[in-house]
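J.: Would you be able to build a 3D model of this:
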Amino acid sequence: MRLIGFTHGCTFKIMDVYSKENIELFTKCGCTAIEVNCHSVEEVEKLPRILQFVKYFEYVSVHFPCNLRYKDDVATHTILDKVVEYYKLINAKLAVIHPDLVDDWSVFDKYTDVNWAIENMDDRKTSFKTVLELENFFEDHPSWSFVLDVGHCNANDKTMQLAKDFIGSLGNKIKEIHMSGYEVFHEPLHRTGQKEIIESCKELNVPIIIESTFEDIDGTEGVEKELEYIVKNLGK
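T.: Numbers count the residues shown, from 1 in each chain. Next comes the predicted model:
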């Protein structure tokens, strides 16, 4: 059965994402995967609060901070050391970085036992959005993996041909899928009805991490509703 679950921070608008109750939302609806989304540097110190709850998922990945420029300085090395230590404690399988934030790729080189991955960027960014850009990256960094964000593909190409092109060119590099609706920014798919986003990657047998963001109008029940909608439209 396909591994599927949520980024643990998807409920940040409605509850404390570093609580036991938040993680239980995912386990109770049958999720087998989770991504710990350490969205900011400030959140790094909160990671131990959910260590005991996330390490027993069948598949776990870690998303590194998005408010840091990764370069050869003290700030970068400090954060990398701390989050990599956590990555190992929870037996994570993948470490995800936004590539547009990296100024010096060599800062990752010493962490040889970490499976590093980048994801394709959305329409707000100026780089790492096209197949050619990612092909060039993986030619220079062959040990890195690829997280295909199909919501980001939709932001750049409503026909979803971009997702198909990524799969056709870099399918062997794809180790995880990020999925959400994308009318403005990471809306739940059960609300947007964008089945084409789900269908674009249904043949890829890699873990799916749902990044839809839930609001008061969704409530906590929106988590289960979103999972059911996605699984139904995956068709397996």
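J.: C-alpha only now, for contacts and for neighbours.
T.: Noted.
J.: Spit out the contact partners of the most centrally placed residue in the chain.
T.: The centroid of the chain falls nearest to H178 when counting by Cα atoms, centre = their mean (4.9 Å). H178 makes contact with 147-151, 208-211 under the criterion Cα atoms under 8 Å, 6 or more residues apart in numbering.
J.: what's across from it in the sheet?
T.: D149, I209 (DSSP bridges).
J.: re earlier: which of the contacts of H178 ranks first by neighbour count?
T.: Ranked by neighbour count (other Cα atoms under 10 Å), the contacts of H178 have G151 at the top, with 32 neighbours.
J.: Surely that residue touches E183?
T.: No - between G151 and E183 there is no contact under Cα atoms under 8 Å: 9.3 Å.
J.: and which of the contacts of H178 is nearest L132?
T.: Nearest to L132 among the contacts of H178, counting by Cα to Cα, is L148 at 14.4 Å.
J.: wait, the closest one sits on M121?
T.: No - in this structure, L148 is not within contact of M121 by Cα under 8 Å, at 9.4 Å.
J.: what about the residue lying closest to E119 once chain neighbours are set aside, distance to P99?
T.: Leaving out its chain neighbours, the residue that sits closest to E119 by Cα to Cα, 6 or more residues apart in numbering is V147, at 4.6 Å. For V147, the distance to P99 equals 11 Å [Cα to Cα, to the nearest Å].
J.: contacting residues for N156?
T.: Here N156 is in contact with 122-123, 129, 162 (criterion: Cα under 8 Å, 6+ apart).
J.: Now rank these by neighbours and give me the top one.
T.: Most neighbours among those, by other Cα under 10 Å: D122, with 22 neighbours.
J.: And that one, which helix or strand is it part of?
T.: Here D122, judged by DSSP states H and E, is contained in no helix and no strand.
J.: leaving aside the residues next to it on the chain, what's closest to it?
T.: H152 (4.4 Å).
J.: Now do the same for the one you found: helix, strand or coil?
T.: Classification of H152 using DSSP: H, G, I helix; E, B strand; the rest coil returns helix.
J.: same deal with A117?
T.: Following three-state DSSP, we place A117 in the strand state.
J.: Let me see the contact set for the closest residue in space to it that isn't next to it in sequence.
T.: Nearest non-adjacent residue to A117, counting by Cα to Cα, 6+ apart: S145, 4.3 Å away. Residues near S145 by Cα under 8 Å, 6+ apart: 115-118, 173-175.
J.: Nearest to L80, out of those: which one, please.
T.: Nearest member of these to L80, counting by Cα to Cα, is W116, at 11.8 Å.
J.: My guess is that closest one contacts K93. True?
T.: No - using Cα under 8 Å, W116 is not in contact with K93, being 9.1 Å away.
J.: what about these two, which has more around it?
T.: For W116 versus K93, the count of surrounding residues by other Cα under 10 Å is larger for W116: 20 against 17.
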